[in-house]
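Undergrad: Need coordinates for the below:
(one chain, ligands or ions: 2)
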Amino acid sequence: MNFKTTEFEAAFGTLAQLPRSDLPEIAFAGRSNVGKSSLLNRLCNRKALARVSSVPGKTATVNFYRTGDVRLVDLPGYGYAKVPKSEKKRWAQLLEGYFRTNRDIRLVVQLVDMRHEPTADDETMLAFLSETGLPFAVVLTKCDKLNKTAYAERLSAFRARFSELSPELLIPFSAVRGDGVEALSAVIENSVKP
Ligand code: GTP
Ligand code: MG
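TA: Ligands and ions are numbered 1, 2, ... in the order given. Below you'll find the predicted structure:
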């Protein structure tokens with residue numbers, strides 16, 4: 001897979017707008033501001049493929065990107081408190097609807113901020129992934145913000161939390177430094193192999 005050739009396809013604000021799944025999909029999920037858009041840009045080696053913002057709640061749509069015959073799907077970030085209730089409901093319906101409408105999802109890349117314990121919303125999402133049996137990898141974002149000691153501590157805490165997950169599916173990542181790019185690329189490529 002050549003991630004550098006990734007192109008934006010379309011953004012969808014409602015479930016009804018989502019086209020039928022006609023390609024293998026890699027979905028990126030995580031709370032608002034966790035670094036999904038930054039990760040996509042880094043993975044694809046692009047500055048502005050996906051919009052990055054210091055203001056949470058930037059990606060309020062399901063965004064499709066295409067890399068060859070694979071679709072990368074940036075899902076709306078959950079858990080941002082300052083969004084009106086009606087908006088939250090729309091996001092939740094989009095997110096749930098995406099997972100429940102019989103798509104060809106090969107892998108869910110679940111992003112969690114490496115600096116903190118998973119939030120209650122993260123745990124809900126992780127429980128949902130376990131229930132549905134969807135294959136997933138956990139990416140620990142913003143690892144550059146930790147010093148060596150804290151990095152080691154947080155990594156071992158996450159290893160314990162995700163002891164059931166195969167070790168190569170737990171990936172510290174930095175959109176700033178590039179940590180984890182190769183590991184994540186390999187996991188994604190593996191998941192779409194015929
Ligand atoms: P929403 O679209 O709002 O759901 O957010 P998102 O998950 O797409 O996060 P986004 O990529 O927009 O990043 C949010 C903020 O975190 C921005 O200020 C980024 O610059 C910063 N950020 C993202 N990834 C990293 C990282 O690996 N390291 C550091 N230091 N900052 C990061
Ligand atoms: Mg985003």
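
Undergrad: hmm, which helix or strand of this protein has the shakiest average pLDDT?
TA: Sorting the helices and strands of the chain by mean pLDDT, DSSP states H and E puts helix 85-100 at the bottom, at a mean of 82.

Undergrad: And the helices in the chain?
TA: Assigned helices in the chain, in chain order: 36-43, 85-100, 120-132, 148-161, 181-191 (criterion: DSSP state H).

Undergrad: Ligand 2 is nearest to which of those?
TA: helix 36-43 (3.3 Å; CB to the ion). The C-beta positions use only the backbone N, C-alpha and C, and glycine is treated the same way.

Undergrad: tell me what the closest one is packed against?
TA: strand 25-30, strand 70-74, strand 105-113, strand 136-141, helix 181-191 (3 or more CB pairs under 8 Å, 6 or more residues apart in numbering; DSSP states H and E).

Undergrad: any residue of that helix up close to ligand 1?
TA: Yes - applying CB under 6 Å from any ligand atom, one finds that helix 36-43 is in contact with ligand 1 at 36-38.

Undergrad: Looks like A48 contacts N41 (just checking).
TA: Yes - contact criterion CB atoms under 8 Å: A48 and N41 qualify, at 7.0 Å.

Undergrad: Need the residues touching each of those two.
TA: Common contact partners of A48 and N41 (CB atoms under 8 Å, 6 or more residues apart in numbering): none.

Undergrad: And these two? Which one has more around it.
TA: Just comparing A48 and N41: by other CB atoms under 10 Å the higher neighbour count belongs to N41, 19 against 9.
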